[in-house]
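Asker: Okay, sequence plus prediction incoming.
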Amino acid sequence: MPNPEFAMVPRKESGPTKVMKRRTIACIGDIVASRRLKPEVRRRVQRTLTEKLKEENLVLGAALAADLTVTLGDEFEGVIGVAFAGDAIPDLIWRLEDALAAVTMRFGVGLGSIDTEFSRDPRMMDGSAFHNARAAIEVAASKRRLGGVFQGFGDAHDAVLNGLARVLYLQRSRWSPRQRQLVNLLRSGKRQNEAAEILGLTKQAVSASARAAGWQAYLEGETAWRIALATALSVTTRG
């Protein structure tokens with residue numbers, strides 16, 4: 001049964017009653033240059049993507065209006081409720097990039113309406129949210145923009161969200177595997193002394209590695225990204 005959070009609701013206006021649709025967010029992701037992978041590698045990556053999406057559906061739970069679903073082998077779609085997107089989208093992009101670190105992923109995020117009945121299967125749905133997400137991922141592909149491309153939030157909000165997405169991606173793309181491992185621990189809430197124990201390093205070594213990775217700057221930037229996303233949604237869905 002569709003979540004009532006995402007149901008169509010009537011709004012009274014002067015004259016005949018009109019049916020206004022709740023705005024929501026469609027997310028499309030795919031693997032860059034997947035056809036160039038060796039067949040056995042591509043199959044392994046596709047299995048990993050499928051398994052990770054199943055895991056994300058459980059983790060995100062009520063945040064999803066439609067499950068994250070593989071649609072074209074190397075591509076997936078899903079629908080995220082606006083009330084949850086400020087945290088759900090940055091976390092989803094982070095976790096999928098981390099799980100599929102052997103390949104490059106791109107993401108299109110579109111704000112808009114759903115013009116069909118809501119379904120747990122995004123392939124059964126359509127509307128401007130999907131159109132904006134599709135246009136966004138086409139921009140990501142044609143202009144090689146990674147870290148997430150946003151469309152439909154309004155020109156000013158799109159510019160802010162895309163700018164932050166690009167800067168954050170650039171920073172994390174420069175991390176070594178060891179730095180990424182450390183940052184994952186810190187991002188999950190571990191203290192530096194706890195991370196040091198897990199990684200078998202001294203606290204001083206962890207502190208130096210975190211500084212070299214620019215972890216504090218990244219954390220502040222990601223916090224700003226979350227706030228900008230929540231602000232854009234509060235403005236564009238008001239009324």
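Answerer: Structure received.
Asker: low pLDDT regions in the protein?
Answerer: The chain contains residues with pLDDT under 70 at 1-21, 236-239.
Asker: Just want the most central residue of it.
Answerer: Residue closest to the average C-alpha location in the chain (CA atoms, centre = their mean): Ile89, at 3.4 Å.
Asker: Just confirm that residue is within a helix.
Answerer: Yes. Ile89 forms part of a helix when assessed by DSSP: H, G, I helix; E, B strand; the rest coil.
Asker: Do you have the helices of this protein handy? List them.
Answerer: In the chain, the helices defined using DSSP state H lie at 39-60, 85-99, 128-142, 155-173, 177-187, 192-199, 203-213, 215-236.
Asker: Alpha carbons of the first one, as CSV, please.
Answerer: Extracted C-alpha coordinates of helix 39-60, given in CSV (Å, rounded to 0.1, in the frame of the first residue of the first chain):
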residue,chain,number,x,y,z
PRO,A,39,32.0,-9.5,-19.1
GLU,A,40,32.9,-11.3,-15.8
VAL,A,41,33.7,-8.0,-14.2
ARG,A,42,30.5,-6.4,-15.4
ARG,A,43,28.4,-9.4,-14.0
ARG,A,44,30.2,-9.0,-10.7
VAL,A,45,29.5,-5.3,-10.5
GLN,A,46,25.9,-5.8,-11.4
ARG,A,47,25.5,-8.4,-8.6
THR,A,48,27.1,-6.0,-6.2
LEU,A,49,24.8,-3.2,-7.3
THR,A,50,21.7,-5.4,-6.9
GLU,A,51,22.7,-6.6,-3.5
LYS,A,52,23.6,-3.1,-2.3
LEU,A,53,20.2,-1.7,-3.5
LYS,A,54,18.4,-4.4,-1.5
GLU,A,55,20.4,-3.4,1.5
GLU,A,56,19.6,0.3,0.9
ASN,A,57,15.9,-0.4,0.7
LEU,A,58,16.1,-1.8,4.2
VAL,A,59,18.3,0.9,5.5
LEU,A,60,16.3,3.8,4.1
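Asker: Report all helices and strands that it contacts.
Answerer: On a contact count with 3 or more CB pairs under 8 Å, 6 or more residues apart in numbering; DSSP states H and E, helix 39-60 meets strand 64-70, strand 75-80, helix 85-99. Glycine gets a C-beta too; all of them are placed from N, C-alpha and C.
Asker: same thing but 7 Å
Answerer: Here helix 39-60 touches strand 64-70, helix 85-99, going by 3 or more CB pairs under 7 Å, 6 or more residues apart in numbering; DSSP states H and E.
Asker: likewise the shortest one?
Answerer: Helix 192-199 makes packing contacts with helix 177-187, helix 203-213 when contacts are defined by 3+ CB pairs under 7 Å, 6+ apart.
Asker: contact partners of the last one?
Answerer: Under the criterion CB atoms under 7 Å, 6 or more residues apart in numbering, residues 175, 179, 182-183, 186, 192-193, 195-196, 199 lie in contact with helix 203-213.
Asker: Export the helices and strands packed on helix 192-199 to a markdown table and append columns for mean neighbour count and distance to Ala101.
Answerer: Formatted as a markdown table, the helices and strands packed on helix 192-199 follow (neighbours: other CB atoms under 10 Å; distance: least, CB to CB, whole Å):
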| stretch | mean neighbour count | distance to Ala101 |
| --- | --- | --- |
| helix 177-187 | 17 | 8 |
| helix 203-213 | 16 | 15 |
